[in-house]
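# Test case, fold it:
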Amino acid sequence: MTEPSFYAVIPANVRYDSRLSSTAKLIYGEISALANKEGFCWAANSYFSEVYGITESQASVVINSLKKAGYIRIEIDKVNGNKRTIYLNLKKTYPGKSILPSPEKPKENTTSIINITRDILTNIINHYIKAKNWEQTIENNKKLLSDIYKRNGKAAKDLFSLAGESTEEVYEAIDFVARRSQEQGGWDWTLTTVCKKFPEFKTAREEQPEGAAGREL
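Below is the predicted model of the structure:
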């Protein structure tokens, strides 16, 4: 894991946010120290548990409170054992400024710039294939697999951008549309459909009862 910096940064809007516990504010500072070099960290709940003398469950609650307040962004790489990456949301904590370094984003000749790698794009399309139950159909069929990638590449990038570059939210949106299709007679859908229905997904997500995180939308 990345070695923390000697300095932890807790900006004023985090320090004085009444929604956050004192532990949450301290852990935000710890994340800023761990993220000092690259703008993100991979610290697990076990790390925060050991450093601050809390349980891993308590650490999870604290991390989620920082995410809910908009101070951090979390990505879960389900392909690689649910590895968690925590990013500082610098636009939220430092409007108009950049105090800590952010991961470099590739230049694109489109109207928007998104930080999407080939691996992330592959993971999104693979999740789409699983949600469509196409795994056996495309097995050993390289041409069909290639066609799926070509048809859905742009939509996958658009969806990643709509989700604020959160693969976790992309997967949830894909699963949301897959369930809606099953519930409503099995209509056909693509990643372009998921992009169009993303506002509907966000609304359903926001309307979830408090504490219902992780349940099906």
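# only C-alpha atoms for contact and neighbour calcs from this point on.
OK.
# looking at the protein, which helix or strand is least sure?
When each helix and strand of the chain is scored by mean pLDDT, DSSP states H and E, helix 90-93 comes last, with a mean of 66.
# immediately after that one, which helix or strand?
From helix 90-93 onward toward the C-terminus, using DSSP states H and E, the following helix or strand is helix 118-131.
# what's the helix or strand following that next one in contact with?
For helix 118-131, the following helix or strand on the C-terminal side (DSSP H and E) is helix 135-138. Residues outside helix 135-138 that contact it (CA atoms under 8 Å, 6 or more residues apart in numbering): Ile129, Leu144, Leu145.
# Which one of those is nearest to Cys195?
Ile129 (15.9 Å; CA to CA).
# What confidence value was assigned to the closest residue to the closest one other than its chain neighbours?
Excluding the flanking residues, the one nearest Ile129 by CA to CA, 6 or more residues apart in numbering is Glu135, at 6.4 Å. pLDDT recorded at Glu135 is 80.
# What is the neighbour count of Glu135?
Residues within reach of Glu135, counting by other CA atoms under 10 Å, total 13.
# any idea how far it lies from Ile125?
Taking CA to CA, to the nearest Å as the measure, Glu135 falls 12 Å from Ile125.
# what do you get for Glu30?
Taking CA to CA, one finds Glu30 at 34 Å from Ile125.
# could you pull out the helices for this protein?
Assigned by DSSP state H, the chain shows helices spanning 12-15, 22-34, 45-52, 56-68, 90-93, 118-131, 135-138, 142-162, 167-183, 191-196, 198-206.
# Report the central residue of the protein.
What sits nearest the mean C-alpha location of the chain, by CA atoms, centre = their mean, is Ser166, with 2.7 Å.
# need the contact list for that residue.
So Ser166 contacts Arg73, Ile74, Glu75, Phe160 (CA under 8 Å, 6+ apart).
# any idea how far it lies from Val14?
Ser166 is 22 Å from Val14, by CA to CA.
# same question, Trp42
In terms of CA to CA, Trp42 sits 21 Å off from Val14.
# So for the two, which residue has more residues nearby?
Neighbour count, other CA under 10 Å: between Trp42 and Val14, Val14 has more, with 21 against 18.
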